[in-house]
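# starting from these lines, generate the structure:
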Amino acid sequence: MTTGEVTVEILSLDEVDSRHRELLDQVGVSVSELRSRAYAYELTIDELEVLRELERLEFLAGR
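Numbering: from 1, shown residues only. Next up is the predicted model:
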């Protein structure tokens, strides 16, 4: 049996904030707009992936 490889990336809060801004710039809308559109099932797959990553970053930053 083979096991997968796991990569762990340790981010500072500044790096989390920077990545957060990059993702929002990528989609051109706010987190609240993404969440609102997600609630209405109006996100593209790319926007949904951005929202998921934003939420992971917020969780990791304790927000």
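# tell me which element Leu34 falls in.
Take DSSP states H and E as the rule and Leu34 turns out to sit in helix 31-39.
# my bad, should have said Val50
Taking DSSP H and E as the criterion, Val50 maps to helix 45-60.
# buried residues in that helix?
Glu47, Val50, Leu51, Leu54, Leu57 (16 or more other Cβ atoms under 10 Å). (C-beta placed from N, C-alpha, C; glycine too.)
# quick one, it and helix 31-39 angle?
If you take axes from the mean of the first three to the mean of the last three Cα atoms, to 10 degrees, helix 45-60 sits at 120 degrees to helix 31-39.
# and helix 45-60, what other elements does it pack with?
Under the contact criterion of 3 or more Cβ pairs under 8 Å, 6 or more residues apart in numbering; DSSP states H and E, helix 45-60 touches helix 13-27, helix 31-39.
# that one vs helix 13-27, what angle?
On the basis of the same axes, to 10 degrees, helix 45-60 is oriented at 160 degrees to helix 13-27.
# distance between helix 45-60 and the chain's centre?
Offset of helix 45-60 from its chain centre (Cα atoms, centre = their mean, to the nearest Å): 2 Å.
# with stretch 17-25 instead?
Distance, stretch centre to chain centre, for stretch 17-25: 9 Å (Cα atoms, centre = their mean).
# going by neighbour count, list what's buried in that stretch.
By 16+ other Cβ under 10 Å, the buried positions in stretch 17-25 come out as His20, Leu23, Leu24.
# is it true that the first one touches Glu55?
It stands for His20. No: using Cβ atoms under 8 Å, His20 is not in contact with Glu55, being 10.4 Å away.
# cool, thanks, signing off.
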